[in-house]
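Student: sequence below, structure please.
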Amino acid sequence: MQNQMSPTFKTPFGKLRVAEDGLLEGVTEILASLSAVVHRVDGRPDEDLGVICRRIVSSAFLQVVTHAMVGTGADVTRIQAYNFHEWGNDTTAENASQSACIAKVGTQYGAENSSQLDAGTPGHSASTYYTAATLVATGNYTISEHCVHPTNASPSDAYGLDRSKFTGVSLGSGDSITFTYTLSLSGS
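Tutor: Sure, this is the predicted structure:
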């Protein structure tokens with residue numbers, strides 16, 4: 001029989017749940033969201049799609065976080081560099097083991113097999129990190145996946161933060177999407 005997680009409840013001391021051993025344990029959530037605004041080269045008004053995905057942070061990213069906390073090698077600097085965006089057109093469902101787009105397509109700054117991903121603009125507040133980048137299509141695509149990486153290497157590194165899968169957005173050459181990826185930590 002598979003163990004069921006007990007429900008989380010809010011208390012004056014933060015979010016708690018009952019652990020398998022019967023003790024209360026604090027719960028910290030990692031909340032991820034991807035927003036998008038489509039820009040058309042033909043001058044049509046921008047299409048603000050709002051949040052298009054809230055799913056899974058990759059297992060690879062969680063390992064980078066824990067390794068960085070104990071100062072393990074490249075993970076210390078890697079955790080500070082999650083700012084490089086890629087997109088693709090694969091429709092495979094999201095999975096925590098995915099750390100890159102499955103079918104990357106070209107952008108103005110990084111073609112399918114080029115040596116670079118598109119750099120974003122990072123920012124943060126007390127418990128939220130975000131990065132935004134505008135990716136410009138070099139052909140006709142239906143974009144349905146996005147990922148943030150800690151390097152501009154392509155093919156993508158193995159440390160993608162979150163492969164987000166969403167309903168496809170049709171683009172013509174020169175059209176673009178501004179993606180804003182937000183990662184929040186919440187304990188109360």
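Student: ok, Ser164 to Ser176 distance?
Tutor: According to C-beta to C-beta, to the nearest Å, Ser164 stands 17 Å off from Ser176. The C-beta positions use only the backbone N, C-alpha and C, and glycine is treated the same way.
Student: for the residue nearest the centre of the chain, give me phi and psi.
Tutor: In the chain, the C-alpha nearest the mean C-alpha coordinate belongs to Asp162, at 3.6 Å (C-alpha atoms, centre = their mean). The phi/psi pair for Asp162 (degrees, to the nearest 10) reads phi -170, psi 110.
Student: OK, contacts around it?
Tutor: Residues near Asp162 by C-beta atoms under 8 Å, 6 or more residues apart in numbering: Ala32, Leu34, Arg55, Ile56, Val57, Ser58, Phe61, Cys147, Val148, Tyr181, Leu183.
Student: got the CA positions of stretch 176-184 in CSV?
Tutor: What follows is stretch 176-184, C-alpha atoms only, in CSV (Å, rounded to 0.1, in the frame of the first residue of the first chain):
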residue,chain,number,x,y,z
SER,A,176,8.3,36.7,-30.3
ILE,A,177,7.3,35.7,-26.9
THR,A,178,8.3,37.4,-23.6
PHE,A,179,8.5,34.6,-21.0
THR,A,180,8.6,35.4,-17.3
TYR,A,181,9.5,32.5,-15.1
THR,A,182,8.9,32.9,-11.4
LEU,A,183,10.1,30.7,-8.6
SER,A,184,8.7,31.4,-5.1
